[in-house]
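**Student:** Sequence and predicted model, in that order:
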Amino acid sequence: MLEIGNKVPDFCLPNQDDEEICFRDIKGKWIVLYFYPKDNTPGCTTQACDFTAAEPDFSKLEAIILGVSPDSPEKHRKFIEKKKLGITLLADEEKELCNLFGIWQLKKFMGKEYMGVIRSTFIINPEGKIAASWTKVRVKEHVQKVKEKLEELQA
């Protein structure tokens, strides 16, 4: 599992338009990388809409927002169109990035165990290192906490 201070290894994943987004191409900027379980579910929709609403604030802080889930580019595209999202979503269908960040874990729900994404957010600094992280995120007010932490890190 990657922790604060760790350098983020290079990765490439397709976005909602099937365009490959590689870490090496965006390194040098502040990056808010958030992992969520599934498109079009209540918590994930709220989180994506909250990040979309706050995107202008993150832009002013010269940060880009990337959402990641195991959904396909096509599912991401439909999610973006349906909810009018203004952020980039990356498709981690093989769960490579989820595993790299250590957030593909055993989960329990109503007595059943299954593998899934632990809702998590990471702030990556321009040097390509993790500057802040949250795991087992509660959606309510989370985006505001991320923004405040980013402002603090840039101060």
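**Tutor:** Yep, that arrived.

**Student:** could you pull out the helices for this structure?
**Tutor:** Per DSSP state H, the chain carries helices over the ranges 23-26, 42-60, 73-83, 96-100, 142-154.

**Student:** hey, C-alpha coordinates of the shortest one in CSV?
**Tutor:** In CSV, the C-alpha atoms belonging to helix 23-26 read as follows (Å, rounded to 0.1, in the frame of the first residue of the first chain):
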residue,chain,number,x,y,z
PHE,A,23,1.0,9.6,-14.9
ARG,A,24,4.2,10.7,-16.6
ASP,A,25,2.1,13.2,-18.7
ILE,A,26,0.4,14.8,-15.7
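
**Student:** in this structure, what secondary structure element scores lowest on mean pLDDT?
**Tutor:** Least confident element among the helices and strands of the chain, by mean pLDDT, DSSP states H and E: strand 104-109 (a mean of 93).

**Student:** That one: which residues count as buried?
**Tutor:** By neighbour count with 16 or more other C-beta atoms under 10 Å, strand 104-109 contains the buried residues Trp104. Placement of C-beta: from N, CA and C, glycine included.
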